[in-house]
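Peer 1: A structural model of the following input is requested.
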Amino acid sequence: MSVIDHDAIALSSPRISEAEVGDYFALLKPRVMSLVIFTALVALAIAPGHFHPVLAFTSLLCIAVGAGASGALNMALEGDIDAKMVRTANRPIPRGKVTRAEALAFGSTLAFFSVLTLGILVNWYAGALLAFTIFFYVVIYTMWLKRWTAQNIVIGGAAGALPPIVAWVAATGSLSVEPLLLFLIIFFWTPPHFWALALFRSDDYARAGVPMLPVVAGPDATRLQILLYTIVLVAIAGSPWALGYFDAVYGVISLLLGAGMLVLAANVYRCRERTSSLRATRKLFAFSILYLFVLFATLLIEVVVRAGAPMIGALISSSFA
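Peer 2: So this is what the prediction gives:
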């Protein structure tokens, strides 16, 4: 009589996934995705010429799905890091709701179809740029930079800054100065934003073995880098107005927002006592999100006003005719 090995049967049995729809949605990093969608939408809005609404929607959808795919692949590759950090320990993979293999399959499928759809339905130039963006975030940033250099956020920030360029190329089939300026704004915004987070989460990063700047170079060096990058950011953010691409409204808003960023960054640099330092870095981190949103929203509003001005003028003229 043969002996039944129940443990062997259990190991060989297919795993029943415990994941729910919400767990797979969380893999997409929806907060990051919302920022990607918004910056890409602004690039589509300011792009010259007529872009069919269906193609515009398709482009935004593909860029959003590509961003979500990057998030899922990032989580699949960083499950060991996420499990050690308080901020990320509740993500689906550390909680055991989704396996690494499931996240890899999910992310890879989304990445493939987002690039393919954008290439076929819109243009292959945009599709290739989206593929490069996903590759840069997953391979260059997640697999290499994140674990090996304190400059991970600086170089890796290029991935988060590329969606406006992808959107512009989708709409026009070419590159121009405007999307490059949007790229530079997001690129130089990324270090102050994430280093502020890293300052008050440095214990998390140290425990996970991630060489973030505060862990490697210390908090004082990080504070100085935040201030320097903020100065460059404010200068670049005002350049679309200085170069004549947008009106004085954008210029004034960018200067006011920039002044707020500079004051908060200077406060982070000045405050060295632990309690006041934590308070200062949290304020800068929160304001930096508002800063980028309002800056891009101003660009979007200017485009809407410009488009609506001729129509309003025609209505006024007709009413007095």
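Peer 1: hmm, who's touching the helix or strand harbouring I37?
Peer 2: Secondary structure assignment for I37, by DSSP states H and E: helix 30-46. Contacts of helix 30-46 with the rest of the structure, by CB atoms under 8 Å, 6 or more residues apart in numbering, involve 51, 56, 59-60, 63-64, 67-68, 71, 160, 163-168, 170-171, 178-179, 182, 186, 292-293, 296-297, 299-300, 303-304. In short, each C-beta sits where N, CA and C put it, glycine included.
Peer 1: element containing the residue nearest the centre of the chain, please.
Peer 2: For the chain, G160 is the residue whose C-alpha lies nearest the centre (CA atoms, centre = their mean; 4.2 Å). Here G160 sits within helix 152-161, counting by DSSP H and E.
Peer 1: Who are the packing partners of that helix?
Peer 2: Helix 152-161 sits against helix 30-46, helix 177-200, with contacts defined as 3 or more CB pairs under 8 Å, 6 or more residues apart in numbering; DSSP states H and E.
Peer 1: Check the offset of the longest one from the chain's centre.
Peer 2: Spelled out, it's helix 177-200. Remark: helix 177-200 is offset 9 Å from the chain centroid, using CA atoms, centre = their mean, to the nearest Å.
Peer 1: could you check the angle helix 177-200 makes with the longest helix along the chain?
Peer 2: Criterion DSSP state H: the longest helix present in the chain is helix 274-320. For helix 274-320 against helix 177-200, the angle by axes from the mean of the first three to the mean of the last three CA atoms, to 10 degrees is 150 degrees.
Peer 1: what's the helix or strand hosting E102 in contact with?
Peer 2: Secondary structure assigned from DSSP H and E places E102 in helix 100-121. Outside of helix 100-121, the residues that reach it under the criterion CB under 8 Å, 6+ apart are 17, 19, 24, 27, 55, 58-59, 62-63, 65-66, 68-73, 75-76, 79, 92-93, 98, 126-128, 130-131, 134, 170.
Peer 1: Give me the mean pLDDT for that helix.
Peer 2: When the per-residue pLDDT values of helix 100-121 are averaged, the result is 97.
Peer 1: Please identify the buried residues of it?
Peer 2: By neighbour count, with 16 or more other CB atoms under 10 Å as the criterion, the buried positions of helix 100-121 are 102-103, 106-108, 110-111, 114-115, 117-119, 121.
Peer 1: That helix: how far from the chain's middle?
Peer 2: The gap between the average C-alpha position of helix 100-121 and the chain average comes to 18 Å, counting by CA atoms, centre = their mean.
Peer 1: Ok, stretch 26-38 next?
Peer 2: Averaged C-alpha coordinates place stretch 26-38 at 7 Å from its chain's average position (CA atoms, centre = their mean).
Peer 1: repeat for stretch 153-171
Peer 2: Offset of stretch 153-171 from its chain centre (CA atoms, centre = their mean): 9 Å.
Peer 1: how long is stretch 118-126 end to end?
Peer 2: End-to-end distance of stretch 118-126: 7 Å, with CA to CA, to the nearest Å as the criterion.
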